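Visitor: Sequence first, then the predicted structure, then my questions.
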Amino acid sequence: MDKTLTKYIPYTVDDIKKSSARELFTVVSTFAGGGGSSTGYRIAGGKVIAMNEFVEEAIKTYSTNFPDTKIIPGDIKKLTGLDFLREANLKPGELDIFDGSPPCSAFSVAGKREKQWKGAVKKTDSSFEIDEYGELEFVEGETFTKTGIKTYSDGMVVEAIEDLFLEFVRIAKDIKPKVIVAENVKGITMGEARKKLVEFQNAFENIEPGYVVTHHVLSAANYGVPQARERLFFVCVRSDVASVIGMNWMNAETMTKPPETTPIIRSGGRRLSENSQHISLREAIEDIENDPEEIQMLKDYVMGGFQKDWITKLPFNPKRHTKPSDTEYRSWNPTGSCFNMIRPCPELPCPTLTQRGQQLSVSGVFHYAENRKFTIKELKRIMSLPEDYILSGNFDKQAERIGRMVAPKMMGALATNIYNKILKPYKEATQ
């Protein structure tokens, strides 16, 4: 096997700016966060004309790396599609891709904890617990409800958080782009949350003049990212575009799903063959030169708090991802507590990074061979960000920005497929 297939390929902000300069297609991004999706579109040769975000620290990170992109700040509920078109200097129907990652916390628990959809739920454990499907953290004394959570990011209050997805659809109705891409957590495909999946799919289909709507659950590990991060993507193609390129309900799924660049050959979380092309955690970060002061800070934090009593009992370099809640540790953890603390197997892709899990004070993914969380350099590599990507704020704010992102290389693969299979053929047929 070609060993380069399992090696992580680093890149820089300058690399993606050169790729974006090709201007193969245009993008407007909403809920853009610190720029993960936008980085992916630029990898694919797209020009991100404008972005919308309402978290100040995220805007600061985005504008630092992409100062030439127009920023439309503020609450999307107070904006219209015409606001976006004016900033992008476009008319309805001209934009190639309208992108968005509306906050998805209210859906992330539905697959495993449907009882939480029946009213307010309070969790009083002494540690944070992050749902495996997405973004919801249980914090001591906090109450979560069916209509949303009290805080979203950096202490900002967001009510009825799932309604923001419909705000995204409302803006899309005005813009009428050739393609709509919307990202969400995998949990929306499961249990009670599927009602929302169907609602959103119907909403996209009802945008005039009509859209062919597909959705895919993609794993970042299949697209050159050293992380087993699964996300749902809606890909909606305007009906006139679909007609020109020969897309219909029979072939739409195939045409909109990107081919896997790092195929999976695994079972039960184990690598079955040397032919497996997933990039492992060790392969991704072992060559990073970290700041010794940051390393020491991370180690000191663990040894000075509750995490010490848990993580130090987990073996280094385990053969599989290991948690204090695993059955073999019930002799010292009979209640199965701290199930979101993970000592990862270095020979597999990293477990999913979450926005709270990699902050200092909570349970999350730790280093495979040291009693500490990952450094910011390591987190950037695990999320497939450029090596020199600048993140603003303290350690926790930087970790949150990374944990909220769509992995750029995964989005780059999706955007490349959209261009090759949809936008380029349409342009060639209509010129």
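Guide: Cool, got the structure.
Visitor: and for stretch 68-83, what are the contacting residues?
Guide: In this structure, residues lying in contact with stretch 68-83 by CB atoms under 8 Å, 6 or more residues apart in numbering are 30-31, 38, 48-54, 59, 62-63, 84, 87-88, 92, 164, 167-168, 170-175. The C-beta positions use only the backbone N, C-alpha and C, and glycine is treated the same way.
Visitor: Just the buried residues from the residues you listed, in PyMOL please.
Guide: Here is the PyMOL command that selects the buried residues among the contacts of stretch 68-83 (16 or more other CB atoms under 10 Å):
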select buried, resi 30+31+38+48+49+50+51+52+53+54+59+62+63+84+87+88+164+167+168+170+171+172+174+175
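Visitor: Find the nearest non-adjacent residue to P10, please.
Guide: E387 (5.0 Å; CB to CB, 6 or more residues apart in numbering).
Visitor: so what's that neighbour up against?
Guide: 10-12, 377, 380-381.
Visitor: Over to L218?
Guide: 230-231, 233, 257-258, 410, 414.
Visitor: can you list the weak-confidence ranges in this structure?
Guide: Along the chain, segments meeting pLDDT under 70 span 1-6, 104-162, 263-276.
Visitor: For A429, see how far away the residue of it positioned farthest from its centre is.
Guide: Ranked by distance from the centre of the chain (CA atoms, centre = their mean), the top residue is S331, with 36.1 Å. Using CB to CB, to the nearest Å, S331 is found at 67 Å from A429.
Visitor: do the same with I402
Guide: Separation of I402 from A429 (CB to CB): 40 Å.
Visitor: Of these two, which one has the most company?
Guide: Ranked by neighbour count (other CB atoms under 10 Å), I402 and A429 place I402 first, with 26 against 11.
Visitor: Isn't that one up against L379?
Guide: Yes. Under the criterion of CB atoms under 8 Å, I402 makes contact with L379 at 4.8 Å.
Visitor: joint contacts of the two?
Guide: Common neighbours of I402 and L379 (CB under 8 Å, 6+ apart) are 353, 358.
Visitor: Now do the contacts for V179.
Guide: V179 touches 96-98, 235-238, 241, 418, 422-423, counting by CB under 8 Å, 6+ apart.
Visitor: and these, which of them are in strands?
Guide: 97-98, 235-238 (DSSP state E).
Visitor: Highest neighbour count among those residues?
Guide: Within these, C236 tops the neighbour count with 29 neighbours, counted by other CB under 10 Å.
Visitor: partner residues bridging that one?
Guide: Judged by DSSP bridges, the bridge partners of C236 are I180, V213.
Visitor: how close does it sit to A415?
Guide: 14 Å.
Visitor: do the same with E378
Guide: Taking CB to CB, one finds E378 at 26 Å from A415.
Visitor: Neighbour count for the two, which is higher?
Guide: A415 (28 against 20).
Visitor: Spatially nearest residue to that one (excluding sequence neighbours)?
Guide: Leaving aside its sequence neighbours, A415 is closest to A44 (3.7 Å, by CB to CB, 6+ apart).
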